[in-house]
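Novice: Sequence and predicted structure below; questions after.
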Amino acid sequence: DSGVTQTPKHLITATGQRVTLRCSPRSGDLSVYWYQQSLDQGLQFLIQYYNGEERAKGNILERFSAQQFPDLHSELNLSSLELGDSALYFCASSVEWGQGYEQFFGPGTRLTVL
Amino acid sequence: AQSVSQHNHHVILSEAASLELGCNYSYGGTVNLFWYVQYPGQHLQLLLKYFSGDPLVKGIKGFEAEFIKSKFSFNLRKPSVQWSDTAEYFCAVRGSTLGRLYFGRGTQLTVWP
């Protein structure tokens, strides 16, 4: 158990819908990262937050957004869902950001869009 | 942009065979290097990491990796694999100061008992 929690574990929804994935980082970790794992693209970085502020953006679609709240938990919002959005979404956290800090991964949320 | 290449998509071995999984990255500056393992249906777990110092890094479960800067490589090794090592293995690189990881496409290891 990495100490990073993600809910829900599984999510099945229809095209065009909107979902919210939730991540709670390890106690004391200020930085949260979201990654998407799909068969087509592999593991790809989506977005990073540090202490409530966005730090870096990767291959995140405009239909997707995220935020980190004052209690440091983070939510990833996916809207206008398409079949291709079906993937495993991982959250990771680290104490700080940048080199020299290990990222701990949560169990992931498996999203299936029908 | 940084990139990571894992040369083998699927490796099949018998128990007790030796393992080496290749990983090459493209980034000219200081890097942090990682190997993660993902067992079926589970999340990513860190096997080992290299930040600085001794380029030969020992991790959990008998795995080790060697950082060869001149070859931009960070190959994973294990002298004798077990059936329980069946999993997918990901090499990852962090070369910027922002913290994000760049992952390879993964290598599926299947070990036959």
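Specialist: Yes, it's here.
Novice: got the contact list for the spatially most central residue of chain A?
Specialist: Chain A has A:Trp34 as the residue nearest its centroid, 3.2 Å off, counting by C-alpha atoms, centre = their mean. By C-beta atoms under 8 Å, 6 or more residues apart in numbering or on different chains, the residues touching A:Trp34 are A:23, A:45-48, A:60, A:66, A:74, A:76, A:89-92. Just so you know, the C-beta spots here come from the backbone N, C-alpha and C atoms, and that holds for glycine as well.
Novice: can you check A:Thr5 too?
Specialist: Neighbours of A:Thr5 in contact, by C-beta under 8 Å, 6+ apart: A:Cys23, A:Ser24, A:Gly106, A:Pro107.
Novice: cutoff 6 Å now
Specialist: A:Ser24 (C-beta atoms under 6 Å, 6 or more residues apart in numbering or on different chains).
Novice: ok, now the one 10 residues further on?
Specialist: Counting by C-beta under 6 Å, 6+ apart, A:Thr15 makes contact with A:Leu81, A:Glu82, A:Val113.
Novice: Leaving out chain neighbours, which residue sits closest to the second one?
Specialist: Closest residue to A:Glu82 apart from its sequence neighbours, by C-beta to C-beta, 6 or more residues apart in numbering or on different chains: A:Thr15 at 6.0 Å.
Novice: Phi, psi for that neighbour please.
Specialist: phi -60, psi 150 (degrees, to the nearest 10).
Novice: From chain B, how far off is it?
Specialist: Note on A:Thr15: its distance to chain B, by C-beta to the nearest C-beta, to the nearest Å, is 26 Å.
Novice: measure that residue to A:Phe64 for me?
Specialist: 15 Å (C-beta to C-beta, to the nearest Å).
Novice: What segments of chain A are strands?
Specialist: Assigned by DSSP state E, the strands in chain A fall at A:5-7, A:10-13, A:19-24, A:31-38, A:42-50, A:53-57, A:64-68, A:74-78, A:87-94, A:104-105, A:109-113.
Novice: can you list those in CSV and add mean pLDDT and distance to B:Gly41?
Specialist: As requested, these are exported to CSV (pLDDT from 0 to 100; distance: least, C-beta to C-beta, whole Å):
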stretch, mean pLDDT, distance to B:Gly41
strand A:5-7, 97, 14
strand A:10-13, 97, 11
strand A:19-24, 98, 18
strand A:31-38, 95, 13
strand A:42-50, 93, 16
strand A:53-57, 92, 29
strand A:64-68, 97, 25
strand A:74-78, 98, 21
strand A:87-94, 96, 10
strand A:104-105, 94, 14
strand A:109-113, 97, 9
